[in-house]
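In: okay, here's the prediction I keep looking at, along with the sequence it came from:
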Amino acid sequence: MRLLTHNMLSSNIKGVANGFPLGIEVEKVIEEKVDLNADFLKNMLFKIEWNALVEASKTLGYSELPDNAESSMLDSDDFLQKFHHALLELHLEEGALVCPETGRKFPVSKGIPNMLLHEDEV
C-alpha cells in the first residue's frame with residue numbers, strides 16, 4: 001500500500017468522529033521504483049494532508065521530507081524526488097492501519113488494506 005493510499009483512508013467505524021490519519025504498524029516495507037511524474041506531484045501536493053504524509057513516511061523509516069511544504073518547493077528537483085519517493089515508492093507490504101480514536105486495527109496483507117467493518121461497527 002502506497003502512502004498516497006494511506007493519505008486518503010480513514011476509519012468509518014460508527015461513532016468515530018476523528019478517524020484520520022490512521023496509524024501504521026509496520027511488519028514489512030518494500031520500495032518499488034516508479035517513474036517520476038512532476039506534473040502529477042505538483043497537482044497532488046495540495047490535495048494530500050502533508051503532516052499525515054510526513055508522519056507516515058517516518059513510520060516507514062523515511063525521514064527526508066520537510067515538516068512543511070509550500071508551492072515554492074515544487075521548483076526543486078530534490079524536493080520533488082523526495083516527495084515522489086515517499087508518496088509513490090514506499091509500500092507498506094505487511095502490517096496494520098490503526099484507528100486513531102478506537103485503536104481498531106485494519107490488517108494490511110500483500111500491500112492491500114482490509115478496511116471492512118465488523119457488523120457491530122456499521
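Out: Nice, thanks for sending it over.

In: give me the phi and psi angles of Arg2.
Out: The phi/psi pair for Arg2 (degrees, to the nearest 10) reads phi -70, psi 160.

In: so it touches His85, yeah?
Out: No: counting by C-beta atoms under 8 Å, Arg2 sits too far from His85 to count as a contact (10.9 Å). Every C-beta, even on glycine, is put in place using the N, C-alpha and C of the backbone.

In: which residues touch the closest residue to Asn114 other than its chain neighbours?
Out: Leaving aside its sequence neighbours, Asn114 sits nearest to Pro107 (C-beta to C-beta, 6 or more residues apart in numbering; 5.1 Å). For Pro107, the contact set (C-beta atoms under 8 Å, 6 or more residues apart in numbering) comprises 95-96, 113-114.

In: now Pro107, what's its secondary structure?
Out: Of the three states, Pro107 takes strand according to DSSP: H, G, I helix; E, B strand; the rest coil.

In: dump the C-alpha coordinates for the biggest helix by length in the chain into CSV.
Out: Ranked by residue count, the top helix of the chain under DSSP state H comes out as helix 50-59. Only the C-alpha atoms of helix 50-59 are listed here, as CSV (Å, rounded to 0.1, in the frame of the first residue of the first chain):
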residue,chain,number,x,y,z
TRP,A,50,1.1,16.9,4.3
ASN,A,51,1.6,16.3,8.1
ALA,A,52,0.0,12.8,7.8
LEU,A,53,2.3,12.0,4.9
VAL,A,54,5.4,13.2,6.8
GLU,A,55,4.5,11.1,9.9
ALA,A,56,3.6,8.0,7.8
SER,A,57,6.9,8.2,5.9
LYS,A,58,8.8,8.4,9.2
THR,A,59,6.9,5.4,10.5
